[in-house]
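1. Provide a 3D model corresponding to the input given below.
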Amino acid sequence: MPRATSGMETSSLEESFHFTMVKRSLMLYSKSCLSWWNVTENNKNIFDRKEHFKYAVRKLKIKISYASSVSLLSNKREFPSFFRTIPSDEFQSVGLAQLVIYFGWTWVGFIAEDSDYGQQGIQSVRQEIIKAGGCIAFYETIPLVYSKEVIQQIVDVIKTSFANVIVVFANEAHVNPLMEEIARQNITGKVWIASDGWYPLQIFSENKLLKTLIGTFGIWSRKGMVPGFQDFLFSAHPSKSPNDIFIKDFWENIFGCKWPESMSDKTTQNENTMFCTGAEKLNEINKILLDTPHLIITYNVYNAVYAVAHALHDLYSCKHGEGPFANGMCANIYNFEPWQLLHYVKNIHFINKIDAEVFFDKNGNPPPVYDILNWQLNPEGSMDFVKVGSIDFSASKGQGLIINESAIMWSGGKTQVPRSVCSESCAPGYRKSTRLGEPICCFDCVLCSSGEISNQTDSNECIKCPDDHWSNERRDKCIPKRIEYLSYEDPMGATLAAISIFCAVICTTAFCIFIKFQDTPIVKANNRGLSYVLLLCLVLCFLCSLVFIGQPKTWTCMLRQTAFGITFALGVSCVLAKTIMVVIAFNATKPNSNLKKWVGSRLPNSIVLVCTTIQVIICIAWLATSPPSSEQNMKSQIGIIIIECNEGSTTAFWCVLGYMGLLATVSFIVAFLARNLPDSFNEAKLITFSMFVFVSVWLSFIPAYLSTRGKYMVAVEIFAILASSAGLLACIFFPKCYIIILRPDRNTRECLMGKGIGGNKKNT
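-> Have a look, this model is predicted:
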């Protein structure tokens, strides 16, 4: 468990600690910052009042850095005794990448100084951004030795690039010339992501850089206000420590003045030179001193000193027999080896005076917690560094990054998050198509194909809709396919149903007329029994078309084709029988004819029975082997589910139609050959016309049926049924009904025999 800093520190330790902290803080404000710091070698005065610590101090070789963040130092094989109180650049790089990823910036420029700090840091940022799907717009290196040509080249790249976000991993000494040139050329609208190497120093707050750097983001390790440090700092004065060069240097930097004694005779003085008097007061510039990221370093020094103190205290407090070394041994505080103290440094874990945990992980790094600062312009026209979020790598996944977007000031006074992309996002309904030879962030947006959707922005692929769904026009949603079949609610279905019923009524009317006038010569002529059967058959033919309308079910699919095939076979068989009887009746009147025995109802009934039975057998075989069934056809038409009848056996279906066509063809041929018989047997002409219409309709039906789909295919078949049935009704029965109803004077035997009114002039 962590231990809070308590009474273990003597007043001497606290005093010397504060002194050390101030001393290092003053060094920071001067320009003589060190890259790393050996805490003990530079702070022996911490233990000056306790003589028995002198040996320990000389033996202490553990190095704890307050400012060295290079990730290479985390390698314990090469640096086994190195620790630090500033997080590694590895975490900083990941944090910068998370910041870029959070705002959706995928087209990013990278600039780094030509050092281990810059190159290693920027590589980690690049890897994290690329891993998250981002791309490199450009990558430039700032030389350690100033080069005007290189700076100009970098500026030219920035000007021509579409990247609005640029990550800079460098120290302020190398960044400053670049920023001055960018400001001189008035390049604005860029969002700069700063590493901790270019702290928001006073040089970046100058008026000439304000317009360029407003809206900059940076992440810095979390600072803490060391208790008592403010009072001690405000009490610091060169007169109190006349031999401390750091305080004088610090004084000159803070107040922008020069001590007279620091001006050599060779130093050129001018009228603008301001001399330090010592009357200046630090508490009058409170904000500059205490509202600066340099206190981060001060806080790191504070933790480093106390880390050593806690390690030495733990070593000193070890009880014999309970020690961490072999056989429970403890180290001798007066004579210990560095590796023994290293053990205690590795395991320190305490809570400092501002309630923050201090410990080192297996790589010697502290808990990686960062503040996200946004560089903002205040009402006075100067720069403020406002905390707008934090990154805690020890937090649970998804909760480490916290950003208050409402507190952010964007470059150029923008109110929305600036965009930095190579290609604008693809809206739902489109997919990304990478451009050949360009990064994956540069792409074209391609509309999803029919039947596919993308319901997210920047989809890489379109998703195929389920078989019973289809894409909408915007291709961003799968919608149920429209179900299609010939229904009674459909105008076409309702029309065909009405025509079917109307024709059936007409046919029934004709049948009733024939029944009523059954004893008249025109009804009795040529087997009235066949006429009755044919009329009833035509009624069934008209009505069977109704089975084709409505949602197909298995039973309707089985019924519609078989009923249609059998009724039509029956009807055509009746026509064939009537045609044959016309020929037999004519030839039977010849002397010595052997056909007289075939005159009567026996032959035509047999013809009808045999011909119809053959069709019944075909239909039974069809239903027994591969019966029709209802199915959902999802592939014939785009976006439509056609509920239709699967004929089961296509061969059986065409056999039914073919047999019916054979009967019609034979009837047509026989009737055609008998068309010139005397008028007393002129029904052959009517049959010829009816069969011509019948055959023509069904020959036209075949290509029309094969070229249509869905409800139109069904409509074609219904039309063929109605048209062929109407042809038979009109050609065979309408002339007779006309004579029966309108010309009863011709409904006599004499007229039928050609001896009455309207006889055939050809035979007179």
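2. Contacts only, for residue 197.
-> Under the criterion of Cβ atoms under 8 Å, 6 or more residues apart in numbering, the contact list for residue 197 reads 113, 117, 118, 169, 170, 171, 172, 175. For glycine as for every other residue, the C-beta is placed from the backbone atoms N, C-alpha and C.
3. Go through those and single out the one with the most neighbours.
-> Ranked by neighbour count under the definition other Cβ atoms under 10 Å, the contacts of residue 197 are headed by residue 169 with 31 neighbours.
4. Output the contacting helices and strands for the helix ranked longest in the chain.
-> Longest helix in the chain, counting residues (DSSP state H): helix 554-588. When contacts are defined as 3 or more Cβ pairs under 8 Å, 6 or more residues apart in numbering; DSSP states H and E, helix 554-588 packs onto helix 528-544, helix 602-625, strand 629-633, strand 640-646, helix 650-673, helix 683-706, helix 711-728.
5. Residues contacting the fifth one, please?
-> The list of residues contacting helix 650-673 from outside it, by Cβ under 8 Å, 6+ apart, reads 561-562, 565, 568-569, 572-573, 575-576, 579-580, 582-583, 611, 614-615, 618-619, 621-622, 625-626, 647, 684-685, 687-688, 691-692, 694-695, 698.
6. And for the fourth one?
-> Defining contact as Cβ under 8 Å, 6+ apart, one finds that strand 640-646 is touched by 468, 481-485, 551-552, 556-557, 560-561, 628-634, 636, 709-711, 713-714.
7. Buried residues, the longest helix of the chain. List them.
-> Using 16 or more other Cβ atoms under 10 Å as the test for burial, helix 554-588 gives 556-587.
8. What is the burial count for the closest residue to residue 407 other than its chain neighbours?
-> In space, residue 407 comes closest to residue 388 once its chain neighbours are excluded; the distance is 4.6 Å by Cβ to Cβ, 6 or more residues apart in numbering. Neighbourhood size, residue 388 [other Cβ under 10 Å]: 19.
9. Who are the packing partners of the host helix or strand of residue 388?
-> When elements are assigned from DSSP states H and E, residue 388 belongs to strand 383-392. If contacts are counted by 3+ Cβ pairs under 8 Å, 6+ apart, strand 383-392 sits against helix 89-102, strand 369-377, strand 401-403.
10. run the last query once more with 10 Å
-> Helices and strands touching strand 383-392, by 3 or more Cβ pairs under 10 Å, 6 or more residues apart in numbering; DSSP states H and E, are helix 89-102, helix 207-213, strand 217-221, strand 369-377, strand 401-403.
11. Least reliable of the ones you listed by average pLDDT, please.
-> Taking the mean pLDDT of each of the helices and strands packed on strand 383-392, the lowest value is held by helix 207-213, a mean of 80.
12. which outside residues touch that one?
-> Contacts to helix 207-213, defined as Cβ atoms under 10 Å, 6 or more residues apart in numbering, come from residues 176, 179-180, 182-190, 192, 194, 198, 200, 203-206, 216, 375, 377, 381-383, 411-412.
13. buried ones in that helix?
-> Buried positions in helix 207-213, judged by neighbour count with 16+ other Cβ under 10 Å: 209, 210, 212, 213.
14. Give the buried residues for the helix or strand hosting residue 138.
-> Using DSSP H and E, residue 138 falls within strand 135-142. Counting neighbours by 16+ other Cβ under 10 Å, one finds that the buried residues in strand 135-142 are 135, 137, 138, 140, 141, 142.
15. who does the first one bridge with?
-> Think residue 135. On the basis of DSSP bridges, residue 135 is bridged to residue 107.
16. ok, it touching residue 162?
-> No. Counting by Cβ atoms under 10 Å, residue 135 sits too far from residue 162 to count as a contact (11.3 Å).
17. helix or strand for the nearest residue in space to residue 358 that is not next to it in sequence, which one?
-> With Cβ to Cβ, 6+ apart as the measure, residue 303 is the residue that lies nearest to residue 358, at 5.1 Å, once sequence neighbours are left out. Element membership of residue 303 [criterion: DSSP H and E] is helix 294-316.
18. Against which helices or strands is the helix or strand that comes right after that helix packed?
-> Beyond helix 294-316 in the direction of the C-terminus, DSSP H and E gives the next helix or strand as helix 338-346. Packing partners of helix 338-346 (3+ Cβ pairs under 10 Å, 6+ apart): helix 54-59, strand 82-84, helix 294-316.
19. how far is the next helix or strand after helix 338-346 from where the chain is centred?
-> Proceeding N to C from helix 338-346, the next assigned helix or strand is strand 349-351, under DSSP H and E. Going by Cα atoms, centre = their mean, to the nearest Å, the spacing between the C-alpha centre of strand 349-351 and its chain's C-alpha centre is 47 Å.
20. and what of stretch 187-201?
-> Here the centre of mass of C-alpha atoms in stretch 187-201, compared against the chain's by Cα atoms, centre = their mean, lies 33 Å away.
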